[in-house]
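[1] structure for the following, please:
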Amino acid sequence: MTTATLRPFRADDAPWLVAQHGALYARDEGFDASFAELVEEILADFAAGHDPVRERGWIAEEAGQRLGSIFCVAQDGQTAKLRLFLLLPCARRRGLGRHMLRTCMGFARAAGYGRMVLWTHESHAAACALYRAAGWRLLDSKPVRSFGVDLVEQSWSIDL
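    Got it, this is the predicted structure:
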């Protein structure tokens with residue numbers, strides 16, 4: 001297990017999150033700038049009007065350094081949506097991603113959601129393996145052109 005901790009997302013984390021998503025996905029997936037723009041919009045929406053009782057974001061940190069993020073937001077009254085799950089390469093393979101996912105799912109369950117959903121891409125094999133190991137089910141998979149590249153978009157779900 002990692003020595004990293006999870007703390008609540010703060011507004012001053014947003015520029016870091018946008019930059020990290022943009023840089024990592026450009027480097028690893030070839031995504032164009034529209035992906036970082038989408039992350040910026042998601043964070044602006046969250047900061048402008050999330051329900052702190054039923055929606056939350058976390059930042060993983062170790063020794064004062066940010067390592068990743070995960071968010072739980074409402075899709076509707078019964079369904080939570082996992083968003084912006086990111087773990088820097090230097091923090092992977094230490095159990096931190098599993099801890100972040102469990103924390104997010106536990107929060108959703110405690111907040112009264114009966115189900116969680118998420119959207120990702122097939123190329124994120126490690127994340128998809130983590131979802132599957134945690135009991136998530138792949139609902140849909142389809143080829144798309146997004147963020148300047150050809151991708152296979154996936155939708156996943158889990159009953160809480």
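[2] now the worst-scoring helix or strand of the chain on mean pLDDT - C-alpha only, CSV.
    When the helices and strands of the chain are scored by mean pLDDT, DSSP states H and E, helix 125-133 comes last with a mean of 91. Extracted in CSV, the C-alpha atoms of helix 125-133 (Å, rounded to 0.1, in the frame of the first residue of the first chain):
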residue,chain,number,x,y,z
ALA,A,125,-6.1,-1.2,-20.0
ALA,A,126,-4.8,-0.9,-16.4
ALA,A,127,-7.8,1.3,-15.4
CYS,A,128,-10.3,-1.1,-17.1
ALA,A,129,-8.6,-4.1,-15.3
LEU,A,130,-9.0,-2.2,-12.0
TYR,A,131,-12.7,-1.5,-12.7
ARG,A,132,-13.4,-5.2,-13.6
ALA,A,133,-11.6,-6.4,-10.5
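[3] counting by contacts, list what that helix packs against.
    Helix 125-133 sits against helix 96-110, strand 115-121, strand 149-159, with contacts defined as 3 or more Cβ pairs under 8 Å, 6 or more residues apart in numbering; DSSP states H and E. Placement of C-beta: from N, CA and C, glycine included.
[4] out of those, nearest to Ala44?
    strand 115-121 (18.5 Å; Cβ to Cβ).
[5] angle of the closest one against strand 149-159?
    Strand 115-121 and strand 149-159 are oriented at 170 degrees to each other (axes from the mean of the first three to the mean of the last three Cα atoms, to 10 degrees).
[6] what's the burial count for the residue lying closest to Trp16 once chain neighbours are set aside?
    Here the nearest residue to Trp16 in space, its sequence neighbours aside, is Arg66; by Cβ to Cβ, 6 or more residues apart in numbering that works out to 5.7 Å. Per other Cβ atoms under 10 Å, the neighbour tally for Arg66 reads 18.
[7] who does the host helix or strand of Arg66 pair with, and is each partner parallel or antiparallel?
    Element membership for Arg66 (DSSP states H and E) is strand 65-74. Strand pairing for strand 65-74, determined by DSSP bridges: strand 56-62 (antiparallel), strand 79-87 (antiparallel).
[8] Ser146 is nearest to which of the ones you listed?
    The closest approach between Ser146 and any of those, judged by Cβ to Cβ, belongs to strand 79-87 at 15.8 Å.
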